[in-house]
Each structure stands twice: as structure tokens, then as C-alpha cells.
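Colleague: Let's see this in three dimensions:
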Amino acid sequence: MTFKPILLVATILIVLGALLTGCESAKTPADVIVDYLESLAEKDQTKAVANSCVAWEEKALAEGASFINVEVTLENLSCEVLTESESEATVGCTGSFISSYTAGENQELDLSALTFVLLHENGDWRMCGYDF
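Modeller: Just a heads-up that it's a prediction; the model follows:
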């Protein structure tokens, strides 16, 4: 029968696909903060909320809304994990948001002044506030 080789190949492909899917690397806490900050600059509130813990979702929406009517660029962004346990992490970043207003004024928000707090929630790292 010719169905056995086809069935064997199909089975091998399914198993390989499952193995490759399982090999995807989880995002580090620093990756999550980069995604979160980029989503704010891109005015993508859905992505900002997706990178937030449940307790931070409303604040993520508010942060995103603050950029809606402003031209924003993210310059020289680089983030690194400062502390990490099984359930919490902190991340520090360098770089800045540059906000351009219609009056021609630019305002800079230096990200190195912030420490980002993350929680490990539902199997992923999530932005969950700032440590001042």
C-alpha cells in the first residue's frame, strides 16, 4: 500500500513541528520591557496591555493614551535585567522617549531614571509598574 509512506512522513512532520514549537524561547524580562516601550511609542495600546500584568493593564492604557496626540520616538533603547527571581524581576533601561508637540517643542523622558518591575504571570513575564 502506498499510504504507509505518506502516513509515516506526515507523522514525522507533525512531531517535528511540535518539537520546534516547544523550542521557542520565552521572552526575558528585558525583552518584555523593550516590547512594552516600543508599543507605547507605536501607539499600540493592545500590545502594551498584552505585555502588562493584570494589575497594570489600566495603567498601560493610560500611558498609551498619553502619547496618542503627540509624535513620539524612542531613541537609543537598551534594557537589561537588574534582578530576577522565579516570580519577580526588575529591569533598567537607557535611552529616551522624545515627544514632539505641535508648538515645536520637544520633550525628553530619560528612561534611565526608571526601574521597571515585572511579575511572572500565567507563564510569562509582564510589566507591572515602576520601582521609584
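Colleague: State whether Trp56 is indeed within a helix.
Modeller: Yes: Trp56 forms part of a helix when assessed by DSSP: H, G, I helix; E, B strand; the rest coil.
Colleague: okay, now it: neighbour count?
Modeller: 23 (other C-beta atoms under 10 Å). C-beta coordinates here come from the backbone N, C-alpha and C atoms, glycine included.
Colleague: how about the nearest residue to it, chain neighbours excluded?
Modeller: Excluding its sequence neighbours, the residue lying closest to Trp56 (C-beta to C-beta, 6 or more residues apart in numbering) is Cys128, at 4.8 Å.
Colleague: And for stretch 99-115, what's in contact with it?
Modeller: Contacts to stretch 99-115, defined as C-beta atoms under 8 Å, 6 or more residues apart in numbering, come from residues 37, 67, 70-73, 77, 82, 90-98, 130-132.
Colleague: how about that stretch: buried residues?
Modeller: For stretch 99-115, a neighbour-count test (16 or more other C-beta atoms under 10 Å) marks Ser99, Leu111, Leu114 as buried.
Colleague: in this protein, which spans are strands?
Modeller: In the chain, the strands defined using DSSP state E lie at 71-84, 88-100, 106-110, 115-121, 124-130.
Colleague: Where does pLDDT dip in this structure?
Modeller: For the chain, residues meeting the criterion pLDDT under 70 lie at 1-25, 103.
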